[in-house]
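# no FASTA, just this:
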């Protein structure tokens, strides 16, 4: 019997297109540049754009090594690339710029997520296990609160707040510990085979691959189920819970 459910954030609970991401990045560049100029740092928009690209490249490189990194460390890399000595207050304010842009141009909550997770939370403790880039987990929580689903979840594991990323089993086990569930009593729902599915199965959990946004990875032989619509999820979970 299942006693807990965990979800990925990006492309599972929320959908983020390349177009949306590019628009958000442009806003981040402008916000960060405006802030730095207000603090009398010498830099151009192009400098800031390149610095943010390098900060993203750092987190992306570590992601492929299954290592988590804080957004503050990413912005320290940004500082190194621009060759400017940022104070702690500057790093904090730049992170606020990143988060504000995220909330201004957010990913969109998947269709039917809200009623489904609301009902599931009445029967199961729910958790989030998400890899982060330049969006702090704290701002993902703010978006979930704005969309009125934050209260449905009781455990949050974002890679910018830990030393790991999926598929490291510690990400799954630490979340389940907060949910008071053993791995065999839990199911994880996510869209990426090598991180969500492999990680959950290695952790001893069941795994559901969500294909409502990402359709690929047809060679998946590990998932216990594949779901493309949240309206099918509750029945699938009930079947896996038998």
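Now that the structure is in, tell me what you want to look at. Please read these numbers as outputs of a predicted model, since none were measured by experiment.
# so the residue of the chain most remote from its centre versus residue 85, what's the distance?
Farthest-out residue of the chain from its mean C-alpha position, per Cα atoms, centre = their mean: residue 40, at 33.4 Å. Going from residue 40 to residue 85 by Cβ to Cβ, to the nearest Å gives 12 Å. Backbone N, C-alpha and C define where each C-beta goes, glycine included.
# what does residue 179 give?
From residue 179 to residue 85 the distance is 43 Å (Cβ to Cβ).
# more crowded one of these two?
Neighbours around residue 179 and residue 85, counted as other Cβ atoms under 10 Å, are more numerous at residue 179. The numbers are 20 against 9.
# show me what contacts the more buried one?
Counting by Cβ atoms under 8 Å, 6 or more residues apart in numbering, residue 179 touches 3, 4, 6, 125, 126, 127, 154, 155, 186.
# list the contacts for residue 213?
With Cβ under 8 Å, 6+ apart, residue 213 has these contacts: 11, 12, 15, 110, 191.
# dump these to TSV, plus pLDDT.
Compiled in TSV, those are given as follows (pLDDT from 0 to 100):
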residue	pLDDT
11	97
12	98
15	97
110	98
191	95
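# who wins for most neighbours among those residues?
Busiest of those [other Cβ under 10 Å] is residue 12, holding 26 neighbours.
# pretty sure residue 157 belongs to a helix, no?
No. Assigned with DSSP: H, G, I helix; E, B strand; the rest coil, residue 157 falls outside any helix and is strand.
# so it versus residue 231, what's the distance?
According to Cβ to Cβ, residue 157 stands 27 Å off from residue 231.
# give me the pLDDT value at residue 59.
At residue 59, the pLDDT value in this model is 92.
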